[in-house]
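Visitor: Following is a predicted model, sequence given first.
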Amino acid sequence: MSITNIMIPDISKIRKDFPILGQKVNGKPLIYFDNAATSQRPIQVIDRVNEFSLRINGNIHRATHFFANKTTEAYENARETLRSYLNAEETAEIIFTHGTTESINLVAHSFGDAFVTVGDEVIVTAMEHHANIVPWQMMCQRRGATLKVLPFGDDGLLQHELLDQLITEKTRLIAVTQVSNVLGTVNPIAEIITKAHSKNIPVLIDGAQGAPHFKIDVQALDCDFYAFSGHKMYGPTGIGVLYGKRKWLDRIPPFFGGGEMIDKVTFTQTTYNEIPYKFEAGTPHYVGAIGLATAIDYLNNLDNILISRYEHDLLMEATTRLKQIEGLRIYGEAPEKVGVISFNIKGIHPFDLGTLLDQMGIAVRSGRLCADPVMDHYGVENMVRASFAFYNTVEEIDAFYRALIRLKAMF
Ligand code: PLP
């Protein structure tokens, strides 16, 4: 793929919406390639969040004054925006959480308490983020259940044909990531859901890396739970979503106890509120939810197809360039991949690479990427990860490539 063939939406216009990108870091124009960790926020989101600090602020669902009414209305409108974006059947199926991690912990805890008992099994994959491993492990330990693991190959593809061998009559749930945060692999979640449902097993999708790249239709997908974070899809930090089918949410107990999640409290017995409130104890991050809905509005105004083609072209361009560098190994080359490239360069420690790139104004991630089992699979301690968003450009990829060539020459 040559640079000139790339389909270009109006990126310079889009970049103007992201003031942070125009800065210099360490004296160099910022190149932000750490989008899989957290993405930047458009001015529309920043303004909306500021509005709810500067002019309007009142706790939701609790009072009848002007501010309380305004925030409650904006919060519940945000829930409807999310419902519509995900095509959930009803707003009651949209729970605001602090992020993917809390969403998964909620299901692991509440679903585990209701449906998992001694000798049962839960299946995850070997390419999960720690957020989709540890909560299940903790739940299995608590309930006396077993965690089983679907492996992947060196190419970064799930060996999902092995799923049949892993599933037994004891399987209570399958939790799988839509997209690997290390390998970029887009997993065949529709197939996995169909297979699981043919055996009456519910499926939780970790959408932390999927939702920023794909328009999700939870009804078409037929997933039982879908979890994601606002800060990875151009929204604020500290806000996330758990979608769950009503048939499950009605039947599982609350995760946190406190205000708003109750119907009636006495010292002998407490009854719980309806969904989604049953799962939103305490004051939620309502400003975050409102900001996330603004990010969704922003995404809805972009040309979805053009943007995803552009992101794919950026990935292809970066892959082609990086492969020209001798001694550079890319981990995960699935045919269906999002804009995430994890790699190492022989003879350069990933932390040195990250630090030196930072001095050149280029932000990448280096470390274990919250995915120890993936590091173990490839027998490495750490990796460097560059991850792209629609506001990145081919010029930035070119600068990144040239920076790597310079650094390689230095070592
Ligand atoms: N799942 C995946 C695939 C991720 O990439 C991440 C974060 O990087 C998470 C879960 C956890 O997301 P958060 O830290 O926003 O809760």
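Guide: Looks like it arrived, so ask away. Numbers count the residues shown, from 1 in each chain.
Visitor: and the closest residue to Ile56 other than its chain neighbours, how many neighbours does it have?
Guide: Residue nearest to Ile56 in three dimensions, not counting chain neighbours: Lys70, with 4.9 Å by CB to CB, 6 or more residues apart in numbering. C-beta: built from backbone N, CA, C; applies to glycine. Counted with other CB atoms under 10 Å, residues neighbouring Lys70 total 17.
Visitor: Then Asp376?
Guide: 12.
Visitor: One more: Ala363?
Guide: 16.
Visitor: Need the residues that contact stretch 384-392.
Guide: With CB atoms under 8 Å, 6 or more residues apart in numbering as the test, stretch 384-392 has contacts from 9, 11, 14-15, 18, 21, 31-37, 39-40, 182, 212, 302, 307, 310-311, 314-315, 318, 339-345, 350, 353-354, 364-366, 369, 397, 400.
Visitor: residues touching the nearest residue in space to Ala399 that is not next to it in sequence, list them.
Guide: Among residues not flanking Ala399 along the chain, Ile31 sits closest, at 6.0 Å (CB to CB, 6+ apart). Residues in contact with Ile31, defined by CB under 8 Å, 6+ apart, are Gly361, Ile362, Ala363, Asn392, Glu396, Ala399, Phe400.
Visitor: Just the closest of those residues to the ligand, please.
Guide: Distance to the ligand across the contacts of Ile31 (CB to the nearest ligand atom) is lowest for Ala363, with 15.1 Å.
Visitor: who's the closest one bridged to?
Guide: Under DSSP bridges, the beta-bridge partners of Ala363 are Tyr32.
Visitor: so it makes contact with Val25?
Guide: Yes. Counting by CB atoms under 8 Å, Ala363 touches Val25, with 7.2 Å between them.
Visitor: How is this protein divided into domains?
Guide: 3-32+304-410, 46-300 (automatic domain parsing).
Visitor: okay, the ones you listed in CSV with mean pLDDT and distance to the ligand next?
Guide: Shown next, in CSV, are the domains of the chain (pLDDT from 0 to 100; distance: least, CB to the nearest ligand atom, whole Å):
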stretch, mean pLDDT, distance to the ligand
domain 3-32+304-410, 95, 6
domain 46-300, 97, 3
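Visitor: deepest of those, which one?
Guide: domain 46-300 (a mean of 19; mean count of other CB atoms under 10 Å).
Visitor: end-to-end on it?
Guide: 17 Å (CA to CA, to the nearest Å).
Visitor: Off-centre distance for it?
Guide: Centroid separation between domain 46-300 and its chain, computed with CA atoms, centre = their mean, to the nearest Å, is 11 Å.
Visitor: Use 356 as the first number from now on
Guide: Happy to do that; since the first residue is 356 now, the last one works out to domain 401-655.
Visitor: Closest one of the contacts of Ile386 to Asp572?
Guide: Using CB to CB, Asn747 is the member of the contacts of Ile386 that lies nearest Asp572, at 26.4 Å.
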